[in-house]
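Participant: Dropping a prediction and its sequence here:
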Amino acid sequence: MTRDTPPAIIRINPPELGAPPGYSQVVTVSTSRMIFIAGQTALDSAGRVVGGTDFAAQADQVFRNLGLALGASGCTAANLVKLTVFLTDMNHLGLYREARNRFFASVTPPAAPAVTLVEVSKLYGAEFMIEIEAIAAE
């Protein structure tokens, strides 16, 4: 699908809400197409868990899968407007941020979608430590 005009994605950080690290407080979108991406985990194309108990390796695989899902819909990380991130241990927040920053560094202009991040007791597979669902706009 090609478009004559790009989507209007505007990222806003009102000073009254403080400066968020690596995400936007508000994202407005004027678009004709929304892409909803199911929760991505650390599975590879053969259905094997990547990384085992290594959170950083799992996070990298999750972002790799997110990139593949975006590419399949003709989008990149620049099209992301919302992420919902589920971690099984908030102590991994720093490693999550490192993986996120590497992922978003791959696009110009830099993207900073609105993000909700929560700790959960477990994900659908006991071995999973992170899952990310996303919304993109084109």
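Facilitator: Okay, I see it. Numbering: from 1, shown residues only.
Participant: before we move on, which element is the most centrally placed residue in the chain in?
Facilitator: Residue closest to the average C-alpha location in the chain (Cα atoms, centre = their mean): Leu83, at 4.8 Å. According to DSSP states H and E, Leu83 maps onto strand 80-87.
Participant: What of Thr28?
Facilitator: Going by DSSP H and E, Thr28 is in strand 26-30.
Participant: buried stuff in that strand?
Facilitator: By neighbour count on 16 or more other Cβ atoms under 10 Å, the buried set for strand 26-30 is Val27, Val29. In short, each C-beta sits where N, CA and C put it, glycine included.
Participant: The nearest residue to Pro21 once chain neighbours are set aside and Met90: what is the separation?
Facilitator: Excluding the flanking residues, the one nearest Pro21 by Cβ to Cβ, 6 or more residues apart in numbering is Arg97, at 7.1 Å. Look at Arg97 and Met90: by Cβ to Cβ, to the nearest Å, they are 12 Å apart.
Participant: Comparing these two, which residue is more hemmed in?
Facilitator: Arg97 (15 against 10; other Cβ atoms under 10 Å).
Participant: Got the phi and psi for the more buried one?
Facilitator: phi -60, psi -40 (degrees, to the nearest 10).
Participant: again with the one 5 residues further on
Facilitator: Its backbone dihedrals place Arg102 at phi -60, psi -40, with angles given as degrees, to the nearest 10.
Participant: do the one 10 residues further on as well
Facilitator: Phi and psi for Ala112, reported as degrees, to the nearest 10, are phi -140, psi 80.
Participant: residue ranges of the helices in this structure, please?
Facilitator: Assigned by DSSP state H, the helices in the chain fall at 55-72, 93-104.
Participant: most tightly surrounded among those helices?
Facilitator: Counting by mean count of other Cβ atoms under 10 Å, helix 55-72 has the highest mean neighbour count of these, with a mean of 19.
Participant: which outside residues touch that helix?
Facilitator: Defining contact as Cβ atoms under 8 Å, 6 or more residues apart in numbering, one finds that helix 55-72 is touched by 35, 37-38, 40-44, 49-51, 76-77, 79-80, 89, 92, 95-96, 98-100, 102-103, 106, 128-132, 134, 136.
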